[in-house]
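> Pasting a predicted model and its sequence here:
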Amino acid sequence: MAVIAAGTSTPTPADFDTLLRQDPEIAEIVLGELARQSDSLQLIAAENFASPAVLAALGSPLANKYAEGYPGARHHGGCDLVDAAERLAVRRATALFGAEHANVQPHSGSAAVLATYAALLRPGDTVLAMGLPYGGHLTHGSPANFSGRWFDFVGYGTDAETGLIDYDQVRALARERRPKAIVCGSISYPRHPDYALFREIADEVDAYLIADAAHPMGLIAGGAAPSPLPYADVVCATTHKVLRGPRGGMILCGAELAERVDRAVFPFTQGGAQMHTIAAKAVAFGEAATPAFTTYAHQVVHNARVLAAGLEGEGFRVLTGGTDTHLISADPSPLGLDGKTARDRLAQAGLVLDTCALPYGEARGLRLGTAAVTTQGMGETEMARIAGVFALVIHDDGELSRRVRTEVRELAGRFPPYRG
Ligand SMILES: *Cc1c(COP(=O)(O)O)cnc(C)c1O
């Protein structure tokens, strides 16, 4: 099923005519979203542009198939072909990451974390994870989430001076609270966790080590970030962030935990697997195994470093003083603006990104990433230009905004995410 119509820089799905005729209301929205993604800059750290091949698998008739269970052991008939798709996805994931076992069924990153806790923990167990103000995810103990409701979370933080994880505190909290599991991974921490040190601390208190690598998994695939696989008992991830696959999750672990993890996904926390998404995950794993993806992953980090340095040069306070990944956390307050106002102004100029908690005070910072713009083919020159645009917008009193929006549209237009 072809996805890209020829001859346009803002392509439409091949079956789009059908949708347009049958449901113009939704078709308008889809077209509008494609235009929005194409003429503004997607700097949300968790977003990327899945390839036309990934989108083709997602929009395929595999979406119709019910397949509870695992390949060769399904609760439904007619699963031979989707079994083949899931086996391919598993084989490609284990080869790509050097894992003994992969479960590719979690519907999302959060579902992967939920299943991992279900495999290793009992309600009420103590878990040590990065505190939410420091960049912990909702699933790392937010009171609004199952994690905070069902487990006793203890949060570690970052050093006030350096912004780096305070490993002395992690060790002290581990000794004091004796957690059943320690989680490393974050939504905004721009540096690599020291997986070996986390392992050492976990061993000292006899805890499981869970790496929630939702963000860096694509960098790990491309050899641009260290792998938690040799250290963590279980690695959870998303497939849609830097990894550039379909929206979804996965879990990697050793052979001895495989059965517990599988049963924690199905039937404990999920029903039927989404076979179109699993096929699309297989496509993404195939792409991630290519030399082109290795180049991409390294370029993502290089771009983030250039952009972080540019923002610092413009007067932003860049947390930890830079980045090792695709992620940048920056505080605009030295420029006299709070995070939310900055984000809204940037959005008006066509720069789409998030705010994030800051490890000090109540003010919010900015969180951005370079995965999507790098997929579009942007490099160092464009990153420097984007940093310049940030500065223009931050200092804007309203006068400049139209000019800046035009400049961003022009920049985005030269790097269409989908080519005709
Ligand atoms: C994105 C993310 C998740 C959740 O992924 P969803 O697919 O949004 O559920 C979990 N943990 C971390 C660290 C993440 O960055």
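Yep, that arrived.

> okay, CA-based contacts and neighbour counts for the rest of this
Noted.

> Write out the residues of the chain neighbouring the ligand.
Residues of the chain found near the ligand (Cα under 6 Å from any ligand atom) are 108-110, 137, 185-187, 212, 214-215, 238, 248.

> wait, which of those residues is closest to Ala102?
Thr238 (12.7 Å; Cα to Cα).

> Please name the nearest non-neighbouring residue to that closest one.
Residue nearest to Thr238 in three dimensions, not counting chain neighbours: Gly249, with 4.1 Å by Cα to Cα, 6 or more residues apart in numbering.

> what about stretch 152-172, distance to the chain center?
22 Å (Cα atoms, centre = their mean, to the nearest Å).

> can you put the residues of the chain next to the ligand in TSV and add pLDDT, neighbour count and secondary structure?
TSV is the format used below for the residues of the chain next to the ligand (pLDDT from 0 to 100; neighbours: other Cα atoms under 10 Å; DSSP: H, G, I helix; E, B strand; the rest coil):
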residue	pLDDT	neighbour count	secondary structure
Ser108	98	19	coil
Gly109	98	24	helix
Ser110	98	22	helix
His137	97	21	coil
Gly185	97	25	coil
Ser186	97	25	coil
Ile187	97	22	coil
Asp212	98	30	strand
Ala214	98	28	coil
His215	98	28	coil
Thr238	98	32	strand
Gly248	98	24	coil
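
> Arg178: what's it in contact with?
Residues counted as contacts of Arg178 (Cα atoms under 8 Å, 6 or more residues apart in numbering) are 126, 205, 207.

> Same check on Gly310?
Counting by Cα under 8 Å, 6+ apart, Gly310 touches 383-384, 387-388.

> Which ones among the residues you listed lie within strands?
Assignment to strands by DSSP state E places none of the contacts of Gly310 there.

> Helices - which of those residues land there?
383-384, 387-388 (DSSP state H).

> Single out whichever of those has the smallest pLDDT.
Lowest pLDDT among these: Gly388, with 93.

> count of neighbours near that residue?
Gly388 has 17 neighbours, counted by other Cα atoms under 10 Å.

> Now do the contacts for it.
Contacts here follow Cα under 8 Å, 6+ apart; on that basis Gly388 touches 310-311, 314.

> What does the residue in the stretch 301-420 of the chain positioned nearest to the ligand show for phi and psi?
The stretch 301-420 of the chain approaches the ligand most closely through Leu327 (10.8 Å), counting by Cα to the nearest ligand atom. Dihedral pair for Leu327: phi -100, psi 140, per degrees, to the nearest 10.

> What separation do you get for it and Phe415?
Relative to Phe415, Leu327 is positioned 21 Å away (Cα to Cα, to the nearest Å).

> For those two, indicate the residue with more neighbours.
Leu327 (29 against 18).

> residues contacting the more buried one?
Per Cα under 8 Å, 6+ apart, neighbours of Leu327: 45, 188-190, 304, 367-370.

> which two in these are spaced the farthest apart?
Farthest pair in the contacts of Leu327 (Cα to Cα) is Tyr189 and Thr370. Separation: 14.3 Å.

> Which one's more surrounded, those two?
More neighbours surround Thr370 than the other of Tyr189 and Thr370, with 31 against 26 (other Cα under 10 Å).

> just for the stretch 301-420 of the chain, where's the confidence low?
Applying pLDDT under 70 to the stretch 301-420 of the chain flags the ranges 397-398, 420.

> where do the helices sit along it?
Assigned by DSSP state H, counting those that start in this stretch, the stretch 301-420 of the chain shows helices spanning 339-348, 371-375, 380-394, 401-413.

> Just the C-alpha atoms of the third one, please, in PDB.
Put plainly, it is helix 380-394. This file holds the C-alpha atoms of helix 380-394, laid out as PDB (Å, rounded to 0.1, in the frame of the first residue of the first chain):
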ATOM      1  CA  GLU A 380      24.700  22.200  11.900                       C
ATOM      2  CA  THR A 381      23.900  25.300   9.800                       C
ATOM      3  CA  GLU A 382      20.100  24.900  10.400                       C
ATOM      4  CA  MET A 383      20.700  24.300  14.200                       C
ATOM      5  CA  ALA A 384      22.600  27.600  14.500                       C
ATOM      6  CA  ARG A 385      19.800  29.300  12.600                       C
ATOM      7  CA  ILE A 386      17.200  27.800  14.900                       C
ATOM      8  CA  ALA A 387      19.100  29.100  17.900                       C
ATOM      9  CA  GLY A 388      19.100  32.500  16.300                       C
ATOM     10  CA  VAL A 389      15.300  32.300  15.800                       C
ATOM     11  CA  PHE A 390      14.900  31.400  19.500                       C
ATOM     12  CA  ALA A 391      16.700  34.500  20.400                       C
ATOM     13  CA  LEU A 392      14.600  36.700  18.100                       C
ATOM     14  CA  VAL A 393      11.400  35.300  19.400                       C
ATOM     15  CA  ILE A 394      12.400  35.600  23.100                       C
END
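
> Sounds good, over and out.
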